[in-house]
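> take a look and give me a structure for this.
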Amino acid sequence: MVNRRIVEVLRNGQPDELLTVQGWVRTKRELKGFTFIEVNDGSSLTSLQVVLNQDLPDYDKTIKKLNTGAAVEVSGVLVASVGKGQRIELKAEMVKVHGEADPETYPLQKKRHSFEFLRSIGHLRARTNSFGAVFRVRNAVAVAIHQFFQERGFLWVHTPIITASDCEGAGELFSVTSLDLKNIPRTPTQSVDYSKDFFGKPTYLTVSGQLEAEVMAMAFSNVYTFGPTFRAENSNTSRHLAEFWMIEPEMAFCDLEGDVDLAEAFLKHIFKYVMETCSEDMEFFNQRIDNSVLATADNIINQQFERITYTQAIAFLEKADVKFEYPVSWGLDLHSEHERYLCEQLFQKPVVVTHYPTKIKAFYMRLDDDEKTVAAMDILAPKIGEIIGGSQREERLDVLERRILDQGMKPEDLWWYLDLRRYGTVPHAGFGLGFERLVQFITGMGNIRDVIPFPRTPENAEF
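Numbering: from 1, shown residues only. Got it, this is the predicted structure:
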């Protein structure tokens, strides 16, 4: 018999088809003369109902093993279902139990478990409806990301995970070393002798692949990165991870307006793809997690994003009839409450804020003519605040050197980055998007730790 994925069986299976399914038992219901089990293989939110009649060989012995969590292989014939909620079911002719699950100790039973509890059993939580839906959507988002850029001729580049540069200048870096921490070599001045380390200099886990992506954009015009990044930020919130994935496109011959246009089209494409391929999962999130996720998706797909400058944003916030926890004045960074007011209450749709003050943005962002602002942009989304941050990059060598010095950095540490401005410099731009924050936004999940299979957070690195 042909092995079939359950999602295909539920969509296309017809009565009298002979087939085999493999998966895990979600529920068992014993009645007089027969037993129902629900089998799920992760391909679908909905499980396939399997009927075992008592004339099945070793019926009594088999059903004792078919507890929630058991791994099974079932062969049989599809029949029209007379029950509500399902079109077809599988009448079993052969059942093989690959792995039993003790009902006394298996922690996932037919009841709702809290997300806090499920985080404590991260090796099993993917078998629940909520996390099955999350990780199918996460997969769809990843596919949509590659599809969007590949269709536009972008080159996917793999930037280093180990780096000697701090792209953001924030200092929240994980050090990478092969030195014996119990016997650290010292220089005559008692500082760490990095010449004895593996790379001969201080190195770190990357916080961003942007600077290296700029290198590749100067040869291939349009590139993107999609890989893991790391922040040693001791932040125990529902929005922060120590290890997360980032998408970072870089475009040569592109200005801030082109950057914003691409970022808006990018978000619309992803939401549209997820709605087309994971409609059942999105309905689940709308019913069980956040009853606004479908409206939010429709808003992203069908509304043109509002575009305002930072100066205009501050003016709107100062006039707002709302008491903010954090003060608002020109020159201060926007907090989440400010961002959410703009896109949830004032405009009721995503908002692009551009031209931020120079002093609160990174050295690589292009200095505007007034020298008070830079050609930066953030896309603010309802319920989550900033979801994309980007800028036109500074392509002028003299200005970039001055910006590096102004931020207390050493130009010699970025000699290769400055070389890009010495040899064939062009206007260019790019943006960054946190993958997990995007998945959280799409699904409505309340905690970012619940949209990544194995979250890395302060004092937590299981598996």
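> sheet-wise, list the partners of the worst-scoring helix or strand of the chain on mean pLDDT with their directions.
Lowest on mean pLDDT, DSSP states H and E among the helices and strands of the chain sits strand 2-3, with a mean of 90. Sheet pairing here is set by DSSP bridges, and for strand 2-3 it gives strand 18-31 (parallel).
> for the helix or strand just after the partner strand, packing partners?
As assigned by DSSP states H and E, the chain's next helix or strand after strand 18-31 is strand 34-40. Secondary-structure packing of strand 34-40 (3 or more C-beta pairs under 8 Å, 6 or more residues apart in numbering; DSSP states H and E): strand 18-31, strand 48-53, strand 71-80. Every residue, glycine included, has its C-beta placed from N, CA and C.
> tilt between the last one and strand 34-40?
Using axes from the mean of the first three to the mean of the last three C-alpha atoms, to 10 degrees, the interaxial angle of strand 71-80 with respect to strand 34-40 works out to 110 degrees.
> average pLDDT for the helix or strand following strand 71-80?
Once the chain leaves strand 71-80, the next helix or strand it forms, by DSSP H and E, is strand 88-99. Per-residue pLDDT over strand 88-99 has a mean of 97.
> deepest of the helices and strands packed on strand 34-40, which one?
Mean neighbour count (mean count of other C-beta atoms under 10 Å) peaks for strand 48-53 among the helices and strands packed on strand 34-40, with a mean of 20.
> which residues touch that strand?
Contacts to strand 48-53, defined as C-beta atoms under 8 Å, 6 or more residues apart in numbering, come from residues 6, 9-10, 21, 23, 33-40, 59, 62-63, 66, 74, 76, 79, 81, 83, 86, 89-92, 95.
> just checking: what are the partner strands of it?
Sheet partners assigned to strand 48-53 using DSSP bridges are listed as strand 34-40 (antiparallel), strand 88-99 (parallel).
> and these as CSV, adding mean neighbour count and distance to residue 321?
What follows is these, written out as CSV (neighbours: other C-beta atoms under 10 Å; distance: least, C-beta to C-beta, whole Å):
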stretch, mean neighbour count, distance to residue 321
strand 34-40, 20, 50
strand 88-99, 17, 57
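> go through those and name the closest to residue 217.
The minimum distance between residue 217 and the strands paired with strand 48-53 falls on strand 34-40, with 43.8 Å, by C-beta to C-beta.
> now do that closest one, average pLDDT.
Strand 34-40 shows a mean pLDDT of 97.
> mind checking how far it is from the chain centre?
Averaged C-alpha coordinates place strand 34-40 at 34 Å from its chain's average position (C-alpha atoms, centre = their mean, to the nearest Å).
> same thing with stretch 363-377?
That offset, for stretch 363-377, works out to 29 Å (C-alpha atoms, centre = their mean).
> do the same with stretch 123-133
Relative to its chain's centre, stretch 123-133 lies at 16 Å (C-alpha atoms, centre = their mean).
> of the helices and strands packed on strand 34-40, which is nearest residue 222?
strand 18-31 (41.7 Å).
> now residue 75: how far from residue 36?
Between residue 75 and residue 36 the computed distance is 17 Å (C-beta to C-beta, to the nearest Å).
> where do the strands sit along the stretch 251-400 of the chain?
Applying DSSP state E, counting those that start in this stretch to the stretch 251-400 of the chain gives strands spanning 306-309, 351-357, 373-381, 385-392.
> report the strands that pair with the last one, each with its relative direction.
As defined by DSSP bridges, the strand partners of strand 385-392 come to strand 373-381 (antiparallel), strand 428-434 (antiparallel).
> ditto for the first one
Based on DSSP bridges, the strands next to strand 306-309 in the sheet, each with its direction, are strand 351-357 (parallel).
> one step back: take the helices and strands packed on strand 34-40 and lay them out in JSON lines including distance to residue 103.
Output for those, formatted as JSON lines (distance: least, C-beta to C-beta, whole Å):
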{"stretch": "strand 18-31", "distance to residue 103": "9"}
{"stretch": "strand 48-53", "distance to residue 103": "17"}
{"stretch": "strand 71-80", "distance to residue 103": "14"}
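> same list (the ones you listed) but as TSV, adding distance to residue 354 and mean pLDDT.
As requested, those are exported to TSV (distance: least, C-beta to C-beta, whole Å; pLDDT from 0 to 100):
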stretch	distance to residue 354	mean pLDDT
strand 18-31	49	96
strand 48-53	51	97
strand 71-80	53	97
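> ranges for the helices of the stretch 301-450 of the chain?
310-319, 336-340, 397-406, 415-422, 435-443 (DSSP state H, counting those that start in this stretch).
> confidence score at the nearest residue to residue 462 once chain neighbours are set aside?
Using C-beta to C-beta, 6 or more residues apart in numbering and skipping residues adjacent in sequence, the residue nearest residue 462 is residue 122, 5.9 Å away. pLDDT, residue 122: 94.
> and residue 122, what does it touch?
Applying C-beta under 8 Å, 6+ apart, one finds that residue 122 lies in contact with 453-455, 462-463.
> distance of the residue sitting furthest away from the middle of the chain relative to residue 81?
The centre of the chain is farthest from one residue, residue 55, which by C-alpha atoms, centre = their mean lies 48.6 Å away. Residue 55 sits 20 Å away from residue 81, taking C-beta to C-beta as the criterion.
> same check on residue 374?
For residue 374, the distance to residue 81 equals 62 Å [C-beta to C-beta].
> ok, these two, which is more surrounded?
Shown here are residue 374 and residue 81; by other C-beta atoms under 10 Å, residue 374 has more neighbours (27 against 15).
> how many neighbouring residues does residue 447 have?
Other residues within reach of residue 447 by the criterion other C-beta under 10 Å amount to 14.
> typo on my end, residue 12
Residues near residue 12, counting by other C-beta under 10 Å, number 10.
> thinking residue 224 is in contact with residue 262, fair?
No. Applying C-beta atoms under 8 Å as the test, residue 224 and residue 262 come out as separate, 10.3 Å apart.
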